[in-house]
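Visitor: following is a predicted model, sequence given first.
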Amino acid sequence: MHVLKEAGEKMSSYRWVICAMLFFATTVNYLDRQVLSLTWKDFIAPEFHWTNNDYGNITALFSIFYAVSMLFAGRFVDWMDTKKGYLWAIGIWSVGACAHAFCGIATSGIVAGEWFVGFGRAREIIGMVGNVGLIVNVSVVLFVFARLILAVGEAGNFPAAIKATAEYFPKKDRAFSTSIFNAGATVGALAAPISIPFIAEIWGWETSFLVIGVFGFIWMGFWVFIYKKPEQHPRVNAGELAYIRQDGDDSGTEDKPERKLSFLECLRYRQTWAFAVGKFMTDGVWWFFLFWTPAYLSAVYDMKSSDPASQVAIFTLYVITLLSIIGGWLPTYFVDKKGMNPYAGRMKAMLIFAFFPLLALLAQPLGSISYWFPVIIIGIAGAAHQAWSANIFSTVGDMFPKSAIATVTGIGGMAGGVSSFIINKSSGVLFDYAGQTQMLFMGFKGEEAGYFIIFSICAVSYLIGWCIIKSLVPRYAPIVVR
């Protein structure tokens, strides 16, 4: 158990070490997701003859797998608890990330009977097979299977991270700490375009999956030795423990265990539905930008992901997204300086962030002047999303006891995954249709018309989501478990 230090000793700050670990896990999480989006158009599609619809199917199914897995991952993390739950999650998704690299070899084995070959030889074999339809179908199924494994593991990241944040931070600091570890998504997205296409260009797309996948196993080695509950950790002194528990909630310790809420119990609360609706309305926007921006630059501006100009553009986009850290600080300001309760401060901050995505309405019109306009606008919208995301995640800790945080986070994550499925699947179908028919819409033609439609949907989603959340939970109403 935790050993109390001498009175008057300076408060330790080990909670920020935990926050750093959550940051690195989220960075690896997003690196693993980005490998496919940065390699499919220029490296994988030519080999397997994929269309936008094929890629849309893969990303959409990933979203469904992720959504369903989130529902159970949250419950799993609450059952296993934070340390073991996180280890299982990152271990599974790292296996899934590496599995993508062997889809080419498996395709050559299925379509040509050549199993025990290297990556280069597998590409040669596939290139000699005349049945294009078979190659497409087999390769898509194999990538879908690899994405399934990735989704099952990655679904545990945010339930475990939000639970760890609730264990190590008081309510007023949770949005800020969440925005810091959530910035790992941006850092992963920043590192991806300057590393993944380079690796794929030099050593093959398969190597890019393997190299990035290994980072998860390295993280696991550190987590085993770094994480313990704050009341049990020798590097958390009495002052820091008192700071963490300043909300008066010391439940969840070994001395006072909390009763766990079932799925059905969680669904009885309007707070659960408010969180789920907020995730449903906005998560799909983020995943659309994450999965389709490289393809957008390629299709509309003929910029391959391996081109220096494209890499600089994507890098700049995600540098802008780092502004989201301000979004985590803003509710703390409202609480400390304006005397608001955490939920009221969070909702005010989220309303501010909900207006920024409206700029996406101008992405395509201004894109006719320069591709930098949509790049900058998508970056601002991405920053607004991540700021919104840090706060909506923190509402779970505001409202629910620690024993239910991962479960409720999983329910909301499932809703977000469903919205991601809808937008990714519909985008792939729309872009192929728009390109084939040269569809006209609001002065745009072909795929550009399709992108304008999706950008418009993304622009208004946050304001609609905020209004629904506010109507369901108009004021601070924490759940008390009896």
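Guide: Nice, thanks for sending it over.

Visitor: so where's the stretch 251-400 of the chain uncertain?
Guide: For the stretch 251-400 of the chain, applying pLDDT under 70 flags the ranges 251-259.

Visitor: helices of that one, start to end?
Guide: Applying DSSP state H, counting those that start in this stretch to the stretch 251-400 of the chain gives helices spanning 263-267, 270-301, 308-321, 325-338, 342-355, 363-367, 372-399.

Visitor: so the longest one versus helix 308-321, what angle?
Guide: I take that to be helix 270-301. Going by axes from the mean of the first three to the mean of the last three CA atoms, to 10 degrees, helix 270-301 is angled at 160 degrees with respect to helix 308-321.

Visitor: and the angle for helix 270-301 with helix 342-355?
Guide: For helix 270-301 against helix 342-355, the angle by the same axes, to 10 degrees is 20 degrees.

Visitor: chain center to helix 270-301, what's the gap?
Guide: 10 Å (CA atoms, centre = their mean, to the nearest Å).

Visitor: just stretch 352-362 next, same as before
Guide: Distance of stretch 352-362 from the chain centroid (CA atoms, centre = their mean) equals 20 Å.

Visitor: now stretch 235-246
Guide: 30 Å.

Visitor: same check on stretch 434-449?
Guide: Using CA atoms, centre = their mean, the offset of stretch 434-449 from its chain centre is 30 Å.

Visitor: coming back round to it: deepest-packed of the helices of the stretch 251-400 of the chain, please.
Guide: helix 372-399 (a mean of 25; mean count of other CB atoms under 10 Å). C-betas here are computed from N, CA, C, even on glycine.

Visitor: for the stretch 1-150 of the chain, give me the ranges with low pLDDT.
Guide: For the stretch 1-150 of the chain, residues meeting the criterion pLDDT under 70 lie at 1-9.

Visitor: next, give phi and psi for the nearest residue to P294 once chain neighbours are set aside.
Guide: Nearest residue to P294 in three dimensions, chain neighbours excluded: S305, at 4.9 Å (CB to CB, 6 or more residues apart in numbering). Per-residue torsions, S305: phi -60, psi -20 (degrees, to the nearest 10).

Visitor: what is the neighbour count of A242?
Guide: A count of nearby residues for A242, using other CB atoms under 10 Å, gives 11.

Visitor: mind listing what it touches?
Guide: With contacts defined as CB atoms under 8 Å, 6 or more residues apart in numbering, A242 has no neighbours.

Visitor: and it, how far from V277?
Guide: 36 Å (CB to CB, to the nearest Å).

Visitor: pull the contacting residues for E206.
Guide: Contact analysis of E206 by CB under 8 Å, 6+ apart lists H100, A101, F102, G104, F119.

Visitor: try 7 Å this time
Guide: Neighbour list for E206: A101, G104, F119 [criterion: CB atoms under 7 Å, 6 or more residues apart in numbering].

Visitor: next one: I105
Guide: V117, F119, A122.

Visitor: hang on, isn't F43 packed against I202?
Guide: No: with contact defined as CB atoms under 7 Å, F43 does not reach I202; the gap is 11.5 Å.

Visitor: just to revisit the earlier point, tell me the one of the contacts of I105 nearest K229?
Guide: Among the contacts of I105, F119 lies closest to K229 (CB to CB), at 44.2 Å.

Visitor: ok, now which ones touch the closest one?
Guide: F119 touches G104, I105, G204, E206, counting by CB under 7 Å, 6+ apart.

Visitor: most widely separated two among those?
Guide: Longest span within the contacts of F119, CB to CB: I105 and G204, 11.6 Å.

Visitor: R75 is in contact with A155, correct?
Guide: No: counting by CB under 7 Å, A155 stays clear of R75, with 10.9 Å between them.

Visitor: neighbour-wise, which of those two wins?
Guide: A count of neighbours by other CB under 10 Å puts A155 above the other of A155 and R75, at 29 against 21.

Visitor: quickly note the distance from the residue lying closest to the more buried one once chain neighbours are set aside to W372.
Guide: With sequence-adjacent residues excluded and distances taken as CB to CB, 6+ apart, A155 is closest to S69, at 3.5 Å. According to CB to CB, S69 and W372 sit 37 Å apart.

Visitor: one more: V429?
Guide: Per CB to CB, V429 is found 29 Å from W372.

Visitor: let me see the contact set for W115.
Guide: W115 makes contacts with G109, as judged by CB under 7 Å, 6+ apart.

Visitor: confirm it sits in a strand?
Guide: No: using DSSP: H, G, I helix; E, B strand; the rest coil, the assignment for W115 is coil, not a strand.

Visitor: roughly how far apart are it and A122?
Guide: Taking CB to CB, one finds W115 at 9 Å from A122.

Visitor: repeat for L440
Guide: Distance of L440 to A122, computed by CB to CB: 42 Å.

Visitor: comparing the two, which residue is more hemmed in?
Guide: Shown here are L440 and A122; by other CB under 10 Å, A122 has more neighbours (24 against 11).

Visitor: buried stuff in the helix or strand encompassing the more buried one?
Guide: Secondary structure from DSSP states H and E places A122 in helix 119-128. Buried residues in helix 119-128, counting neighbours by 16 or more other CB atoms under 10 Å, are found at F119, A122, R123, I125, I126.

Visitor: now distance to I149 too, for the residues you listed, in CSV please.
Guide: Below are these laid out as CSV (distance: CB to CB, whole Å):
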residue, distance to I149
F119, 19
A122, 20
R123, 23
I125, 24
I126, 22
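
Visitor: can you give me the strands for the chain?
Guide: All strands of the chain, identified by DSSP state E, fall at 440-441, 444-445.

Visitor: if we can go back for a sec, for V35, find the nearest of the helices of the stretch 251-400 of the chain.
Guide: Of all the helices of the stretch 251-400 of the chain, the one in closest proximity to V35, counting by CB to CB, is helix 270-301 (11.3 Å).

Visitor: for that closest one, packing partners?
Guide: Under the contact criterion of 3 or more CB pairs under 7 Å, 6 or more residues apart in numbering; DSSP states H and E, helix 270-301 touches helix 15-39, helix 308-321, helix 372-399, helix 405-437, helix 447-472.

Visitor: now the angle from it to helix 15-39?
Guide: Going by the same axes, to 10 degrees, helix 270-301 makes 40 degrees with helix 15-39.

Visitor: circling back to that earlier point, identify, from the contacts of I105, the entry nearest to V236.
Guide: Nearest to V236 among the contacts of I105, counting by CB to CB, is F119 at 46.9 Å.

Visitor: and the gap between that closest one and V111?
Guide: Counting by CB to CB, the separation of F119 from V111 is 16 Å.

Visitor: likewise for A299?
Guide: Distance from A299 to V111, by CB to CB: 28 Å.

Visitor: returning to that earlier point: the contacts of I105 into JSON lines, with extra columns for distance to M350?
Guide: Below are those laid out as JSON lines (distance: CB to CB, whole Å):
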{"residue": "V117", "distance to M350": "52"}
{"residue": "F119", "distance to M350": "46"}
{"residue": "A122", "distance to M350": "48"}
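
Visitor: ok, so of those residues, who is nearest K228?
Guide: F119 (41.6 Å).

Visitor: once you drop chain neighbours, what's closest to G450?
Guide: That would be A434: by CB to CB, 6+ apart, it lies 3.7 Å from G450.

Visitor: cool, and G428?
Guide: Closest residue in space to G428, ignoring its immediate chain neighbours: G56 at 1.7 Å, by CB to CB, 6+ apart.
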